[in-house]
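Peer 1: output the structure for:
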Amino acid sequence: MAVAATGKKQTSHWLILILLALAQFMVVLDISIVNVALPSIQRAFSLTSTNLQWIVTAYTLAFGGFLLLGGRNADYFGRRRTFLGGIIVFTLASMGTGLSQSGTMIIIFRALQGLAGAYLSPAALSIVLVTYREGKERNVALSVWGAVAAGGAAFGVLLGGIITQYLSWRWNFFINVPIGLFVVITAMRILPRHEGEAQQKSLDIPGALTVTGGLMLLVYSLTEAPTYGWSSHRIMITLGASILLLAAFIYNEMRLAKVPLMPMRIFRIRNVSGADSLMLLVSAGLFSVFFFTTLYLQDVLRYSPIKTGVDFLVLPVVIAIVATNVPRLIKLIGHKTILVLGPLFVSGGLFWASHLPVHGTYWGNIAPGLILMGIGLGALFVSVTIAATSGVPQHEAGLASGLLNTSQQIGGAVGLAVLTGVVASSTSHYLTSLHLHAQPTAANMAAASVHGFHIGYLVSSTFGIGASLLALFIVRIKKVPSNQSQESSEPTALPA
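Peer 2: Here you go, the predicted model:
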């Protein structure tokens, strides 16, 4: 009877993991699936380039800005309740986006999608953390979670191209509706109730407003600075306001809030501060992979949207293979070693990309860099999640997962804003150096664009080196008691 009960419990656990991973896949997918559809949306509503950009930015800013509040809400008011609320709002906002009749409506519903994702994602990860025991079992679960989270963005490029070409841009959002309904109905049946862990159930609203506003204004400033100039009044005001809000947030958390949104004591756990900083740097370079490589494939090599998406598939495939096998490697050499080496593989792939030629080929010039990045990311996402959540009290699991996700989103948004400026500046300088007396030809523009990409990839490759150094000097290996180490020495395998 005990064996049967245990088997039933384990089966239930893996069903829960599949359900949560499916919900997370929706959230990650929506960051990238819209990219290929942007030209169609622009034609449908005659949007300017600035307005079009906000269809992507509204989602990313709302998602990254509210993640801390979402994670804390899961800790205070229950993980299951927060997860269900997030997935319901996400599904309704997806339907609203698909039904939108103007660019403004799309931007508003995209922001609502991001807000819902900010509650859904940390609640889902915190359920994973409390469902699986720290050690072998949790490492296997996190390997699946890491593969889904890392691969969703790449699959989004492919899926967005197929849907946009053969159906309509609206179906990029409608596709979430049946999936969301399935997740809600199934979650209500199989997810156990999670009561709030915290003793005092009150949200730090001033902290939530100041950190969200500060982060949003920071990303806005970095995104718009290449257009308006760093010395413009608009950028100086928004950047100054961002600094003031973030300073107010820190002061509020340290001195004013009775139950702070982000207790600064959590950063005394070296693995938390080290892993979050590492994720910030890696994500700063990672977002450029999809953005610049998509432009290179479509604008320089003239690939179609679908062919572009297919060519990205090597990345999630490699990530999935590595992520599902990395727990065995962690058992042998520990997660710190992987945290040191993983970012170097990512940097190696970015450095390879910094030598892409104007007339490149996929397998000769593009795929090797993506494979190197896939190896590094597949190992890294599992290991960094283990490091960021090890030693964290159970009642702050939502906070820890929210911090890790925030680091990823904010790092990506800030990194892409900076690197886009670097690429634009390098491209402009290259054209100026040609001393052209007429409009640049298509060949001139292609060469200038590739030169700009080279500089962008080269700069982004340095982020991985910095992340590797952070892992080397900050992250510690948690000592496992002898009775647990004996258990963790068993072979790790994914469930059938």
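
Peer 1: only C-alpha atoms for contact and neighbour calcs from this point on.
Peer 2: Noted.

Peer 1: domain ranges for this protein?
Peer 2: 2-203+261-488, 204-260 (automatic domain parsing).

Peer 1: let me see the mean pLDDT of the longest helix along the chain.
Peer 2: Determined from DSSP state H, the single longest helix within the chain is helix 397-433. Average pLDDT, helix 397-433: 78.

Peer 1: what is that helix packed up against?
Peer 2: The helices and strands touching helix 397-433, judged by 3 or more Cα pairs under 8 Å, 6 or more residues apart in numbering; DSSP states H and E, are helix 49-77, helix 103-131, helix 205-228, helix 270-295, helix 367-389, helix 442-473.

Peer 1: swap the cut-off to 6 Å and go again
Peer 2: Contact here means 3 or more Cα pairs under 6 Å, 6 or more residues apart in numbering; DSSP states H and E; on that basis helix 397-433 packs against helix 49-77, helix 103-131, helix 205-228, helix 270-295, helix 442-473.

Peer 1: in CSV, list the ones you listed along with mean pLDDT.
Peer 2: Listed next are these as CSV, based on pLDDT from 0 to 100:
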stretch, mean pLDDT
helix 49-77, 75
helix 103-131, 86
helix 205-228, 78
helix 270-295, 83
helix 442-473, 91
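
Peer 1: which of these sits closest to residue 416?
Peer 2: Among those, the nearest to residue 416 by Cα to Cα is helix 270-295 (5.7 Å).

Peer 1: what's the angle from the following helix or strand past the closest one to helix 270-295?
Peer 2: The helix or strand immediately downstream of helix 270-295 is helix 305-312, counting by DSSP states H and E. Angle, helix 305-312 to helix 270-295, by axes from the mean of the first three to the mean of the last three Cα atoms, to 10 degrees: 140 degrees.

Peer 1: quick check: angle from helix 305-312 to helix 367-389?
Peer 2: Using the same axes, to 10 degrees: helix 305-312 against helix 367-389 is 70 degrees.

Peer 1: pick the most deeply packed of the domains of the chain.
Peer 2: domain 2-203+261-488 (a mean of 21; mean count of other Cα atoms under 10 Å).

Peer 1: ok, residues contacting stretch 245-259?
Peer 2: Defining contact as Cα atoms under 6 Å, 6 or more residues apart in numbering, one finds that stretch 245-259 is touched by 207, 210, 211, 214, 260.

Peer 1: if you set the cut-off to 7 Å instead, what comes out?
Peer 2: 204, 207, 210, 211, 213, 214, 260, 262, 263, 264 (Cα atoms under 7 Å, 6 or more residues apart in numbering).

Peer 1: what do you get for stretch 110-123?
Peer 2: By Cα under 7 Å, 6+ apart, stretch 110-123 touches 24, 27, 55, 58-60, 62-64, 66-67, 70-71, 74, 79, 82-83, 86-87, 89-90, 93-94, 97, 398, 401-402.

Peer 1: circling back to that earlier point, what angle sits between the longest helix of the chain and helix 205-228?
Peer 2: Using the same axes, to 10 degrees: helix 397-433 against helix 205-228 is 10 degrees.

Peer 1: tell me the angle of helix 397-433 relative to helix 49-77?
Peer 2: Going by the same axes, to 10 degrees, helix 397-433 makes 160 degrees with helix 49-77.

Peer 1: quick check: angle from helix 397-433 to helix 442-473?
Peer 2: Going by the same axes, to 10 degrees, helix 397-433 makes 140 degrees with helix 442-473.

Peer 1: what angle sits between helix 397-433 and helix 103-131?
Peer 2: 130 degrees.

Peer 1: okay if I get the contacts of stretch 245-259 as TSV plus distance to residue 418?
Peer 2: Formatted as TSV, those follow (distance: Cα to Cα, whole Å):
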residue	distance to residue 418
204	31
207	27
210	23
211	21
213	20
214	17
260	31
262	27
263	29
264	28
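
Peer 1: which one of those is nearest to residue 277?
Peer 2: Distances from residue 277 to these, taken by Cα to Cα, are shortest for residue 264, at 14.7 Å.

Peer 1: contacting residues around that closest one?
Peer 2: Taking Cα under 7 Å, 6+ apart as the criterion, residue 264 is in contact with residue 254.

Peer 1: would you mind measuring from it to residue 181?
Peer 2: 38 Å (Cα to Cα, to the nearest Å).

Peer 1: checking residue 231 next. Helix, strand or coil?
Peer 2: Classification of residue 231 using DSSP: H, G, I helix; E, B strand; the rest coil returns coil.

Peer 1: so what's residue 303 closest to, chain neighbours aside?
Peer 2: Closest residue to residue 303 apart from its sequence neighbours, by Cα to Cα, 6 or more residues apart in numbering: residue 297 at 5.5 Å.

Peer 1: wait, the one you found sits on residue 305?
Peer 2: No - counting by Cα atoms under 7 Å, residue 297 does not reach residue 305; the two are 8.9 Å apart.

Peer 1: before we move on, back to that, would you list the helices and strands packed on helix 397-433 in TSV and tack on distance to residue 314?
Peer 2: Below are these laid out as TSV (distance: least, Cα to Cα, whole Å):
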stretch	distance to residue 314
helix 49-77	24
helix 103-131	25
helix 205-228	29
helix 270-295	13
helix 442-473	19
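
Peer 1: got the phi/psi numbers for residue 232?
Peer 2: Backbone torsions of residue 232, given as degrees, to the nearest 10, read phi -70, psi 150.

Peer 1: so how far is residue 220 from it?
Peer 2: Noted for residue 232: a distance of 14 Å to residue 220, by Cα to Cα.

Peer 1: what does residue 298 give?
Peer 2: Distance from residue 298 to residue 220, by Cα to Cα: 27 Å.

Peer 1: what pLDDT does the residue nearest to residue 303 get?
Peer 2: pLDDT at residue 297 comes out at 86.

Peer 1: please report the distance of it from residue 258.
Peer 2: For residue 297, the distance to residue 258 - Cα to Cα - is 52 Å.
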